[in-house]
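In: using only what follows, build the 3D model:
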Amino acid sequence: FEAVMAGAAGYVLKQIHGSDLVGAVRTVASGQSLLDPRSTARMLQRIRARQEKKDPLKGLTEQERHILELIGEGLTNRQIGERLFLAEKTVKNYISSIFTKLGMSRRTQAAALAAQLKADAERDHGHHD
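Out: This is a model prediction of the structure:
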């Protein structure tokens, strides 16, 4: 995985047979990339997992993302409800959905994540308050 991410053009498993190895070298030499199918499947899984880690909010709806931001700002459920014109009960439902999707159980965890994401976004976009 690390080799391919670093730019390797091919990858074969140790138990490759002589003639296959020659074919593999020729394939790469002709400018094509070569990956053992089993390794490719594993590698794609790892790349996807890495992408998902990068965006832990991928599974959240726009509204859930917004509510997570407001939790990060320290608003109570009632304040979030007032700001978004939602019933407090509705806000609670959204929050439990957010916790389930993010695998969290506490508001402080969600607030910490929101603060972290906000800091990352500001760093990535070069904005400062």
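
In: quick one: stretch 105-122 to chain centroid distance?
Out: Distance of stretch 105-122 from its chain centroid, counting by C-alpha atoms, centre = their mean, to the nearest Å, is 15 Å.

In: show me what it is in contact with.
Out: 56-57, 68-69, 71-74, 95, 98-99, 102, 104, 127-129 (C-beta atoms under 8 Å, 6 or more residues apart in numbering). In short, each C-beta sits where N, CA and C put it, glycine included.

In: residue 12: which of those residues is nearest?
Out: Among these, residue 56 lies closest to residue 12 (C-beta to C-beta), at 34.7 Å.

In: any idea how far residue 62 is from that closest one?
Out: Separation of residue 56 from residue 62 (C-beta to C-beta, to the nearest Å): 15 Å.

In: compare the two (neighbour count), which wins?
Out: Between residue 56 and residue 62, counted using other C-beta atoms under 10 Å, the more crowded position is residue 56 (14 against 7).

In: correct me, but that one touches residue 102?
Out: Yes. The criterion here is C-beta atoms under 8 Å, and residue 56 meets it with residue 102 at 6.4 Å.

In: shaky segments in the chain?
Out: 1, 4-5, 34-40, 51-52, 126-129 (pLDDT under 70).

In: how about the contacts made by residue 94?
Out: 63, 64, 67, 86.

In: give me that answer again for 7 Å
Out: 63, 64, 67 (C-beta atoms under 7 Å, 6 or more residues apart in numbering).

In: would you mark the buried spots in the helix or strand containing residue 26?
Out: Taking DSSP states H and E as the definition, residue 26 sits inside helix 18-29. For helix 18-29, burial by neighbour count (16 or more other C-beta atoms under 10 Å) applies to 24, 28.

In: ditto for stretch 80-90
Out: Quick answer for stretch 80-90 (16+ other C-beta under 10 Å): 80, 81, 86, 90.

In: what about those, which are in strands?
Out: Applying DSSP state E to the buried residues of stretch 80-90, no entry is found in strands.
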